[in-house]
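Peer 1: below are the sequence and a predicted model for it; my questions follow.
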Amino acid sequence: MKLWLAALSYLTLTVLIFGDPLQPIGLATRWADRLGIPFWRVIAVISVVASTLVVMKFPRNMIPTVFRPTAFVVLGILMPTIIVGLIADSIRHRAVLAFEADEVDEHSFFVSIRKAPQDFQNFLHTAALKGCNPYAWSYRNLEFYALPTSAAVNVLPRTWRERCEIRIEKLSK
C-alpha cells in the first residue's frame, strides 16, 4: 500500500509538473547538460536529502507510516524543482532586463520544463526583439543568442514578424 501510494503520487506529480513521468529522469540524466545553472545538480541533491530528513525527523504522529514514502516522493520532486526553477527564472529575468530588448516574450522555467522537450522546434523559453533582430534565450548558456530567420518565422509572434518583415524570401531560379 505504501509503495502504491508513493508511485501514484510520483506519476500524478510528474505528469502535472513535467507533462510526463520520465521527464524529470531525463532532465536529471540524459539532458542534464542543457541547464547551465552552476551547481544545479548539487542544489537538487541537497533538496532531496532535505526531503529525506524532513520525512524521517517529523514526529511520528505528524506523518503516518503509510504516507511517509508518499511524503518523500512529493517533497523530493517539489523541493528541487521549485528551488532550481526559481533560480533559473531569476537568472533569465535579470538577463532580460540587462539585454534591454524592444520586445520580450518570457516563459517561466516551469513552462519550459513542460513544453520545451515536447515542442522542441516551436517553443522558445524567452524570445526577444532588439532593433528588429530576433533573439532567443538559452538555459544551457544562460544568455541570448541570435535566432536565425529560418527559425524565427516559425516561432516569433506574428506582430513581431510583420512589423520587422521577418520572413523567408522565396529563392528565384
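Peer 2: Good, I have the coordinates.

Peer 1: only C-alpha atoms from now on, for both contacts and neighbour counts.
Peer 2: OK.

Peer 1: which helix of the chain spans the most residues?
Peer 2: The longest helix of the chain (DSSP state H) is helix 68-99.

Peer 1: quick one: average pLDDT of that helix?
Peer 2: Helix 68-99 carries an average pLDDT of 95.

Peer 1: next secondary structure after that helix?
Peer 2: strand 103-106 (DSSP states H and E).

Peer 1: that next one pairs with which strands?
Peer 2: strand 126-130 (antiparallel) (DSSP bridges).

Peer 1: buried residues of the partner strand, list them for me.
Peer 2: Thr126, Ala127, Ala128, Leu129 (16 or more other Cα atoms under 10 Å).

Peer 1: for Leu86, see how far away the first one is.
Peer 2: Going back to what we said before, that points to Thr126. Noted for Thr126: a distance of 15 Å to Leu86, by Cα to Cα, to the nearest Å.

Peer 1: same question for the second one.
Peer 2: Applying Cα to Cα, one obtains 19 Å for the distance of Ala127 from Leu86.

Peer 1: quick one, what contacts Ala7?
Peer 2: If you count contacts by Cα atoms under 8 Å, 6 or more residues apart in numbering, Ala7 has them with Thr70.

Peer 1: ok, the one 3 residues further on next?
Peer 2: For Tyr10, the contacting residues are Pro21, Val73, Val74, by Cα under 8 Å, 6+ apart.

Peer 1: quick one: contacts for the nearest residue to Arg34 once chain neighbours are set aside?
Peer 2: Spatial nearest neighbour of Arg34, chain neighbours left out: Arg140 (4.6 Å); criterion: Cα to Cα, 6 or more residues apart in numbering. Neighbour list for Arg140: Asp33, Arg34, Leu35, Gly36, Ile37 [criterion: Cα under 8 Å, 6+ apart].

Peer 1: which intervals of the chain have sub-threshold pLDDT?
Peer 2: 59-60, 116-122, 169-173 (pLDDT under 70).

Peer 1: of the contacts of Arg140, keep whichever come out buried.
Peer 2: Leu35, Ile37.

Peer 1: redo the contacts of Arg140 as a markdown table? Include secondary structure.
Peer 2: Converted to a markdown table, the contacts of Arg140 look like this (DSSP: H, G, I helix; E, B strand; the rest coil):
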| residue | secondary structure |
| --- | --- |
| Asp33 | helix |
| Arg34 | helix |
| Leu35 | coil |
| Gly36 | coil |
| Ile37 | coil |
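
Peer 1: with distance to Ser108 added, can I get the contacts of Arg140 in JSON lines?
Peer 2: What follows is those, written out as JSON lines (distance: Cα to Cα, whole Å):
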{"residue": "Asp33", "distance to Ser108": "19"}
{"residue": "Arg34", "distance to Ser108": "16"}
{"residue": "Leu35", "distance to Ser108": "14"}
{"residue": "Gly36", "distance to Ser108": "16"}
{"residue": "Ile37", "distance to Ser108": "15"}
